[in-house]
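Asker: curious how this folds, go ahead:
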Amino acid sequence: MLVIRFLRKGKKNQPFFKIVVTDKKNPPRGGRFLETVGFFNPLTKEKALKKERVEHWLKVGAQPSDRVYNLLIAEQIIKGKKKAVHAKTKKQPSTAEPTIAGQAIAEPNKEIKKEEIKEEVKEEVKEEESSLKNETLKTEANNNESPIKIEQ
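Answerer: Next up is the predicted model:
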């Protein structure tokens, strides 16, 4: 199958593209091609196409790549809508529920009553206070212990 596509030329960071007609199986960089039908310089936006030769190859059955197709539409060689060249694929949402450290995350749309939150917070505060009291009692007991003096 014949394709019309870009053939990259030029130095590093200075791309220059030839528009060539080639077999689809040939490698896109430096592969053999049948004919050069134009060029495109993306840095200067300079472009030139041989309109008659492009129309000939399209009639023969050559398929343009997406980017060349958009270029042919811009140059009014063919008519139609441009194709989305840089369209990103959409990831499928996972069906598993999101978790953090093994605990399920509450859904954002789920309504939580203020009373329930207040009660939970009060319980947590009471637990923390009791644990702090126990720790302070232990440290005070350890600090108050004095070494035993043996009197003779």
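Asker: could you use CA atoms for every contact and neighbour count after this?
Answerer: OK.
Asker: would you map the strands across this structure?
Answerer: Counting by DSSP state E, the chain has strands at residues 2-9, 16-23, 35-41, 46-49, 63-64, 99-100, 103-104.
Asker: Throw those strands into a markdown table and include distance to residue 57, thanks.
Answerer: Converted to a markdown table, the strands of the chain look like this (distance: least, C-alpha to C-alpha, whole Å):
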| stretch | distance to residue 57 |
| --- | --- |
| strand 2-9 | 8 |
| strand 16-23 | 8 |
| strand 35-41 | 9 |
| strand 46-49 | 13 |
| strand 63-64 | 9 |
| strand 99-100 | 56 |
| strand 103-104 | 59 |
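Asker: of the ones you listed, which shows the lowest average pLDDT?
Answerer: For those, mean pLDDT drops lowest on strand 99-100, to a mean of 52.
Asker: distance of residue 81 relative to residue 49?
Answerer: Residue 81 is 19 Å from residue 49, where distance means C-alpha to C-alpha, to the nearest Å.
Asker: okay, those two: which has more neighbours?
Answerer: With neighbours defined as other C-alpha atoms under 10 Å, residue 81 and residue 49 compare such that residue 49 has more, 18 against 10.
Asker: where does pLDDT dip in the protein?
Answerer: Within the chain, the ranges that satisfy pLDDT under 70 run 87-88, 90-114, 137-152.
Asker: just the helices in it please.
Answerer: 51-60, 66-74, 114-144 (DSSP state H).
Asker: winner for burial among these?
Answerer: The highest mean neighbour count among those belongs to helix 66-74 (a mean of 17), with neighbours defined as mean count of other C-alpha atoms under 10 Å.
Asker: which helices and strands does that helix pack with?
Answerer: Where contact means 3 or more C-alpha pairs under 8 Å, 6 or more residues apart in numbering; DSSP states H and E, helix 66-74 is packed against strand 2-9.
Asker: can you give the distance from the strand it packs on to the centre of its chain?
Answerer: Strand 2-9 has its C-alpha centroid displaced from the chain centroid by 27 Å (C-alpha atoms, centre = their mean, to the nearest Å).
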